[in-house]
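**Q** coords below, sequence missing:
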């Protein structure tokens, strides 16, 4: 069993507030939203689980036991088999199938999936273009909007919301603001646990 | 590679700066020992970074020793050495240099070609020796050169044009670990790093490439003038998204004590290099 304090990068004498802060910082860094469509998302998820387990363990040790669990929502679409392939990193096959779809039946989902293929391969400009197209064709889809939002943020800032090296010594007033905004996001996404 | 992967010094702690320098000195010494004194002057930041990354994914720490510096022989400096890494990175640096010189011979005009032509037999000699140490690397560089010529002949945009360099660094980084999940992370990390290097170089060379009518991925859809009026945003945004993705892959690497230096390079150094390129353009304008 690994030391939960080591996982969070803090000493065992850290105060509850410090534990919470360390957890919040790391959760922000490895949050599934950052790694949406990312070919390494499974590793990020593992890391996230490890962090959450460590945090839970510490909190359990400190205040008796308390249970909690996360949730995720599965998606449905007409290209669901292609979507599954992309999720399993079978990119070449997925791309072949996508390219075989005639121009007339290329809907928002098609552009989103094609964008995901580009994204997985690291062709970030094309990915951005395709996500953009998907959102234009179906502005109400939350998933498309999130993917586009993430890339737009990256293209404007050259970083990910709230991601900075651990230790806090690189904090500037500006980072502080974005951190607060992101902490707020985390609060909402994760049902308010660990925050507020 | 071109020297864009470097630390942002103001944010380095002194011990990190010393450690970084000692890797640089260790590599310089190794180049001198294996390939002669001239090879020492060819060392770039990029290979120092690769050496640190190699050490960072390993379990055993490297050795530190004192050597005399060639530039200032009166001063002793610390040099970091690790068997299997320092010699391999030195070989990789020489292999890359040789291919880069060949590339320049076909690119530059006569006056610029001359010194390269004079030095080429020496580099070829080093290359022959270095190639035996890391044949796999030699193959990935020569594949890159070929693939690069192809995408240039296709007048490709930024994504496909960056692919050869990205793929080459992806293979190089992937080879640094034996752990399957770390290999996956290193592969994407290397890909994005290669993409960053290639696109930075393309942005840096915009004006030169337009003047000499050479291939540049950003000039396929805009002219230099148009890009300038857009504050180079197509290139900057592409590089920014590359850096952001790079940070995400980096966060998943399992690293040892070298992590803070690498963090400095990834989180600050890369963006600083981009700012330097843009400042240079502003100054020349």
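**A** That came in fine, so what should we check first? Note that this is a predicted model, so its numbers are computed, not measured. Numbering: from 1, shown residues only, chains lettered A, B, ... in the order given.

**Q** and the closest residue to residue B:65 other than its chain neighbours, how many residues sit next to it?
**A** Computed as C-beta to C-beta, 6 or more residues apart in numbering or on different chains, the closest residue to residue B:65 that is not its neighbour in sequence is residue B:79, at 5.7 Å. No exception for glycine: its C-beta is placed from N, CA and C like everyone else's. Other residues near residue B:79 number 24, with proximity taken as other C-beta atoms under 10 Å in any protein chain shown.

**Q** likewise for residue B:224?
**A** As a burial measure, residue B:224 scores 18 neighbours (other C-beta under 10 Å).

**Q** ok, the one 5 residues further on next?
**A** If you count neighbours by other C-beta under 10 Å, residue B:229 ends up with 11.

**Q** pLDDT score for it?
**A** In this model, residue B:229 is scored at 91, pLDDT.

**Q** repeat that for the one 5 residues further on.
**A** You'll see residue B:234 listed with a pLDDT of 94.

**Q** quick check: residue B:119 touching residue B:102?
**A** No: when contacts are counted by C-beta atoms under 8 Å, residue B:119 is not listed as touching residue B:102 (11.4 Å).

**Q** so for these two, which residue has more residues nearby?
**A** residue B:102 (17 against 14).

**Q** so what's the more buried one up against?
**A** Contact analysis of residue B:102 by C-beta atoms under 8 Å, 6 or more residues apart in numbering or on different chains lists B:120, B:145.

**Q** what does chain B put close to chain A?
**A** Within reach of chain A by C-beta under 8 Å from any C-beta of the partner chain, chain B has these residues: B:11, B:157-160, B:163, B:166, B:181, B:184-185, B:188, B:191-192, B:195, B:237-245, B:247-249, B:251-252, B:260, B:263-264, B:267, B:271, B:274.

**Q** now with 6 Å, please.
**A** Residues of chain B found near chain A (C-beta under 6 Å from any C-beta of the partner chain) are B:158-159, B:181, B:185, B:188, B:191-192, B:195, B:237-238, B:240-244, B:247, B:251-252, B:263, B:267, B:271.

**Q** what subset of those residues is buried?
**A** B:158-159, B:185, B:188, B:191-192, B:195, B:237-238, B:240-244, B:247, B:251-252, B:263, B:267, B:271 (16 or more other C-beta atoms under 10 Å in any protein chain shown).

**Q** now the strands for chain B?
**A** Shown for chain B, the strands assigned by DSSP state E span residues B:63-68, B:76-81.

**Q** to residue A:98, which of those strands lies closest?
**A** Residue A:98 lies closest to strand B:76-81 among the strands of chain B, at 47.9 Å (C-beta to C-beta).

**Q** pairing partners for that closest one, with directions?
**A** The strands beside strand B:76-81 in its sheet (DSSP bridges) come out as strand B:63-68 (antiparallel).

**Q** so how far is the strand it pairs with from its chain's centroid?
**A** 25 Å (C-alpha atoms, centre = their mean, to the nearest Å).

**Q** just the buried positions in it, please.
**A** For strand B:63-68, the neighbour count (16+ other C-beta under 10 Å) marks residue B:67 as buried.

**Q** how about stretch B:45-59?
**A** For stretch B:45-59, by 16+ other C-beta under 10 Å, it's B:45-58.

**Q** just give me the closest of the residues you listed to residue B:98.
**A** residue B:47 (13.7 Å).

**Q** the nearest residue to the closest one once chain neighbours are set aside and chain A, how far apart?
**A** Closest residue in space to residue B:47, ignoring its immediate chain neighbours: residue B:93 at 4.4 Å, by C-beta to C-beta, 6+ apart. Counting by C-beta to the nearest C-beta, to the nearest Å, the gap between residue B:93 and chain A amounts to 25 Å.

**Q** can you list contacts of the longest helix anywhere in chain B?
**A** When chain B is parsed with DSSP state H, its longest helix is helix B:180-204. Helix B:180-204 is touched from outside by A:40, A:43, A:122, B:1-2, B:4, B:162, B:165-166, B:169-170, B:172-174, B:176-177, B:216-218, B:235, B:238-239, B:242, B:245-246, B:249, B:252-253, B:277, with contacts defined as C-beta atoms under 6 Å, 6 or more residues apart in numbering or on different chains.
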